[in-house]
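>>> Output the structure for:
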Amino acid sequence: MCRVKIHYLEMVKTQALATGFKLSDSVQSLDKPRPIFVDLGMTVTSVHSCTPSSHNPQRLLSGVCLASPSTGAAGMTDNIPLQPVRHKKRHDNKNRNGCCPWSRCCGMGDFRPRTVWLGHPEKREQRYPRNVINNQKYNFFTFLPGVLFNQFKYFFNLYFLLLACSQFVNELRLGALYTYWVPLGFVLIITIVREAVEEIRCYCRDKEVNSQIYSKLSTRGVCYSILNHQFSSLIPGSCFLRTDQLDGETDWKLRLPVACTQRLPTAAVSHHTKWLLRYEDGDPPVNESLSIENTLWASTVIASGTVVGVVIYTGKELRSVMNTSNPRHKVGLFDLEVNCLTKILFGALVVVSLVMVALQHFAGRWYLQIFRFLLLFSNIVPISLRVNLDMGKMVFSWMIRRDSKIPGTVVRASTIPEQLGRISYLLTDKTGTLTQNEMVFRRLHLGTVAYGMDSMDEVQSHVFSAYTQSSLAASLNSTTSRAPAATKVRKTISSRVHEAVKAIALVHCVTPVYEANGVTDQAEAEQHYEDTCRVYQAASPDEVSLVQWTESVGLTLVGRDHNSMQLRTPSGQILNFTILQIFPFTYESKRMGIIVRDESTGEISFYMKGADVVMAGIVQYNDWLEEECGNMAREGLRVLVVSKKSLTEEQYQDFEARYIQAKLSVHDRSLKVATVIESLEMEMELLCLTGVEDQLQADVRPTLEILRNAGIKVWMLTGDKLETATCTAKNAHLVTRNQDIHIFRSVTTRGEAHLELNAFRRKHDCALVISGDSLEVCLKFYEYEFMELACQCPAVVCCRCAPTQKAQIVRLLQERTGKLTCAVGDGGNDVSMIQEADCGVGVEGKEGKQASLAADFSVTQFKHLGRLLMVHGRNSYKRSAGLSQFVIHRSLCISTMQAVFSSVFYFASVPLYQGFLIIGYSTIYTMFPVFSLVLDKDVKSEVAMLYPELYKDLLKGRPLSFKTFLIWVLISIYQGSIIMYGALLLFESEFVHIVAISFTSLILTELLMVALTIQTWHWLMIVAELLSLACYIASLVFLHEFIDVYFIATLSFLWKVTVITLVSCLPLYILKYLRRRFSPPNYSKLTS
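Okay, the predicted model is just below:
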């Protein structure tokens, strides 16, 4: 509990629209300081007043206290329990600048209350966080140091930095400084530009969100402490809240003002200084208990109406921010593997240098000779590898953005596209990601007859006949009300359908709201019930779908308040019902009930609907309920059992007396209330079963099938209840029809967890469904055992998961399996999971952009994930692997030639090629053909999508492994030795001829090796080959300092170069042909 003294008051008025808040009055930018307020996990218990003062405006979207609204949890949903924020103990009892005692940076510790002074900024003891969204990794001052640190913290770049710096020592200098500094500078410039572009894009996206307009209702010298909340709806003093941008759920949550403000007149809004409660400094405070129902959360939208409130949380105090982590610099597994290979190459470099000095018998200043050989053979570790890979990543990102088959896809982290080609675990949210959260009524089952979507016209005709034949309807009503409960009356199908539809139209918590030009019009709702202006508000989309279905068959809910409900028949007659009692749905009871009185007949009826597991023991005995519920559940439908019980006036009066007495009990109140309600829940008449389907996103089933065939295990992490998550898993075919489902029993102790894990261990090829509470217990006592069993499951469903739990599951998968993970989500509660995963994918849609802004990749639909992984991920990884190994081969070739040259000439540390030759070799002479490998592909995209099994080969890392690395090393040594020894054997008189023959043969060999490596030719590859060859021939005219121009024009030069090139390349062509002929790769069978 937190005591809040409000000494500064700022009213915020919002007009809700479908797109968000319509704000009036003074409009200002949001990127200014937001200096308020209280911790989200606390509860405001008291409100005090004092004189207000001017201050910086607060943003409504931060967390608004409704006319009493209190603390909530921004970023949390109703179905996820709030957890109080803990604060670390401070020994100095002082608040340092920029850090507040409740913020995340202070760690987790003991509970602390918080006092808020409104109107007296001089009394504030803390600095409050700015209310801005920031997804950037750097700021203006940390950008350059941060980028350089991230580059040089890896051995690869640090090695070249030391190499370049060594050239400032005269004894170690081997050539011009530019031969070392120009390549390093080029690599750093490319990296800095890429990071700068991403940071600028991120800054622009954040600025767009932070620049949303808002308005402030200011006061003029009047002091008050309790704010009014005014909302024009059929339920006075209430409003509905849309949280789809937080969790993807499109259902509306009911929000209420504090009780003492509900009676304030509407004029208090337009004259908001006249009617508000007013206190002087000496007056006693008003104490009011506030709860989550009194709070508007950050990044939510008021469904309709007008709300006046006070902003109480901003910045890092928001629960949505607390549930996320700071953006981190993700490094791909591929980059780590390349970094490991460069360490091996460096080890080889040291060994070769030591061998060269040892063969000189460590004569003279041998330690300087070691450093000179290290510099001489520095090409063994190619500096061009990093720049080629970085440029390749940019090309891959560009290809993803330009793919017309996945429009709207955005690459926000261009450093890890090849990660998409090695995903082993895909963790996805449910609501808004796999499903649309739009419920569609699919089936009505009466036991002997069932009605599907194609036979709803029959239901409509039964309802129409029941109400149009007035005499029959009166007879039926009279019989039903007067007959004792024990009397068995065989009803016709028409009457049974009518009773079922009527029950469905009554047993709910749905409220119809009438809107005209975006503004709720209560008067019109009461007088005309215009169908075109009516929308249904409810806390559950299931109930809305049921009410919409009853409207489609002729029985329409047209009005409702706290005490009454109005239905309209097909003939236009209004049926009035008095609501006597409502028993809301809870997670524990799994059912809801309502007692109503029909005003026309006086009949009192108790209607109830709920899950089949609890309703089976409540309704009268029947032989079809369990079987039909199972059949509908296997189809992925959410099944509700609807029942009815008629009550006499005496029975209801007796129940009401016992019910009121139970609610007034001091001890065991909940138990006593439940016992009284259960006294009615006996021998109820089973009316029907309803089947509602949660609409899946487009092509979710085939996409999940593709991912499963590709060897990717899919885990669904959701905050929904267990039954809903299980139905969605079946409906989306996350769990196949031939797989069993093991529902992990709820456990609270170590012993229970041990027994349940043993029971689960005995099952094989079984999907797991577990709740967040049970998961927490298992991870606390049996983390290793649970993760071992869960990783063996073909699919896992975790329900009732908090955002931090989602991130914890991702982290455990990474630590326990060592495999790459991909997290997919669309709401603010998925941000922590997305940021923790190796690849984060945000689904951008009507639910908002919070997840997509924080993700590495953003897609518009879940189905695009298949192509993103199967095509672009696979191509990016294979192309990066081929490119990196070829760059290593290119450098090892020239290093081998240098080693042979030094060995022949008495192990002298003299460079074979100097100046422009050594730079031109890895740039204009071979850069374009080698880099063109980023356009290579082994199969067409259609084939990759049709045969996702090709993706499995990548999960083992075969394209870049120690085996393939060793093969390329052997090829490099062979070709480098052949070229150098061939040039030494065939040259005639001058040393310059060795340079001409060997360097020309080397260039031609590289061009031919690129052609040998390419699997699918692209016209740009041909252009790159011809352009590089033309550049070399043209540059011979200017290289007279290194090459004898007259010699290269002779026939002797041509045949020597031709022979050396053929000997170095022809055997490799033959080996490639034999391998394709007798041991073809998997993809070659699909392309032939």
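
>>> Compute the distance between residue 154 and residue 342, please.
Distance of residue 154 to residue 342, given as CB to CB, to the nearest Å: 9 Å. Backbone N, C-alpha and C define where each C-beta goes, glycine included.

>>> So which of these two has more stuff around it?
residue 342 (24 against 17; other CB atoms under 10 Å).

>>> Name the nearest residue to that one, ignoring sequence neighbours.
residue 156 (4.6 Å; CB to CB, 6 or more residues apart in numbering).

>>> What about that neighbour, how many residues nearby?
The number of residues packed near residue 156 is 23, by other CB under 10 Å.

>>> what's next to the helix or strand where it lies, contact-wise?
Following DSSP states H and E, one finds residue 156 within helix 155-166. With contacts defined as CB atoms under 8 Å, 6 or more residues apart in numbering, helix 155-166 is touched by 151-152, 172, 177, 180-181, 183-184, 187, 338-339, 342-343, 346, 371, 375, 378, 381, 383, 385-386.

>>> in what helix or strand does residue 296 lie?
In the assignment (DSSP H and E), residue 296 maps to strand 295-297.

>>> For that strand, which strands pair with it and how are they oriented?
Within its sheet, strand 295-297 is paired with strand 63-66 (antiparallel), according to DSSP bridges.

>>> Now do the strand it pairs with, average pLDDT.
Computed over strand 63-66, the mean pLDDT rounds to 46.

>>> same question, stretch 184-198
On average, stretch 184-198 scores 83.

>>> Give me the contacts around it.
Stretch 184-198 is contacted from outside by 138, 143-144, 147-148, 151, 157, 160-161, 164, 383-384, 386-387, 390-391, 394, 412-415, using CB under 8 Å, 6+ apart.

>>> Which residue ranges of the stretch 351-500 of the chain form strands?
With DSSP state E, counting those that start in this stretch, the ranges of strands along the stretch 351-500 of the chain come out as 410-411, 423-428, 435-445, 450-451.

>>> if we can go back for a sec, from the contacts of stretch 184-198, which would you call buried?
Buried residues within the contacts of stretch 184-198, counting neighbours by 16 or more other CB atoms under 10 Å: 138, 143, 147, 151, 157, 160, 164, 383-384, 386-387, 390-391, 394, 412-415.

>>> averaging pLDDT over each of the strands of the stretch 351-500 of the chain, which comes out lowest?
Minimum mean pLDDT among those: strand 435-445, a mean of 87.

>>> about what we covered before: give me the distance from the strand holding residue 296 to the chain's centre.
Between the centre of strand 295-297 and the centre of its chain there are 23 Å (CA atoms, centre = their mean, to the nearest Å).

>>> list the buried ones in the longest helix along the chain?
In the chain, with assignment by DSSP state H, the single longest helix is helix 178-210. Within helix 178-210, the residues scored as buried using 16+ other CB under 10 Å are 179-180, 183-184, 187-188, 190-191, 194-195, 198-199, 202, 205-206, 209-210.

>>> and the angle for that helix with helix 155-166?
Using axes from the mean of the first three to the mean of the last three CA atoms, to 10 degrees, the inter-axis angle of helix 178-210 relative to helix 155-166 is 130 degrees.

>>> Residue 1049 versus residue 564, what's the distance?
For residue 564, the distance to residue 1049 (CB to CB) stands at 104 Å.

>>> Have a look at the two and say which one is more surrounded.
Neighbours per residue, other CB under 10 Å: of residue 564 and residue 1049, the larger number sits with residue 564, 14 against 10.

>>> Could you give the bridge partners of that one?
With DSSP bridges as the criterion, residue 564 is bridged to residue 578.

>>> cool, the one 4 residues further on as well?
The partner list for residue 568 in beta bridges (DSSP bridges) reads residue 556, residue 574.

>>> Hmm, it is touching residue 576, no?
No. At 10.7 Å, residue 568 does not count as touching residue 576 under the criterion of CB atoms under 8 Å.

>>> Grab the nearest non-local neighbour of residue 795.
residue 767 (4.4 Å).

>>> hmm, back to that, make a markdown table out of the strands of the stretch 351-500 of the chain and add mean neighbour count.
Shown next, in a markdown table, are the strands of the stretch 351-500 of the chain (neighbours: other CB atoms under 10 Å):
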| stretch | mean neighbour count |
| --- | --- |
| strand 410-411 | 22 |
| strand 423-428 | 24 |
| strand 435-445 | 21 |
| strand 450-451 | 18 |
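
>>> Residue 588: which of those strands is closest?
strand 435-445 (22.8 Å; CB to CB).

>>> what's in contact with the closest one?
For strand 435-445, contacts defined as CB under 8 Å, 6+ apart pick out 244, 248-251, 431, 450-453, 459, 497, 500, 541-542, 544-546, 548-549, 628, 632, 637-638, 688-697, 700, 728, 732.

>>> Can I get the buried ones among these as something I can paste into ChimeraX?
Buried residues within these, by 16+ other CB under 10 Å, are selected in ChimeraX with:
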select :244,248,249,250,251,431,450,451,459,497,500,541,542,544,545,546,548,549,628,632,637,638,688,689,690,691,692,693,694,696,697,700,728,732
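
>>> Among the contacts of strand 435-445, name the ones in helices.
Short answer: these in helices (DSSP H) are 244, 459, 497, 500, 541-542, 544-546, 548-549, 628, 632, 700, 728.

>>> what's the burial count for the closest residue to residue 565 other than its chain neighbours?
Spatial nearest neighbour of residue 565, chain neighbours left out: residue 577 (4.7 Å); criterion: CB to CB, 6+ apart. Residue 577 has 21 neighbours, counted by other CB under 10 Å.

>>> For residue 577, give me its contacts.
Applying CB under 8 Å, 6+ apart, the residues contacting residue 577 are 506, 564-567, 596-599.

>>> Identify, from these, the entry nearest to residue 762.
Taking CB to CB as the measure, residue 762 sits nearest to residue 506 out of the contacts of residue 577, at 46.1 Å.

>>> My guess is that closest one contacts residue 606. True?
No. With contact defined as CB under 8 Å, residue 506 does not count as touching residue 606 (10.5 Å).

>>> shared neighbours, the two?
residue 594.

>>> Lovely, talk soon.
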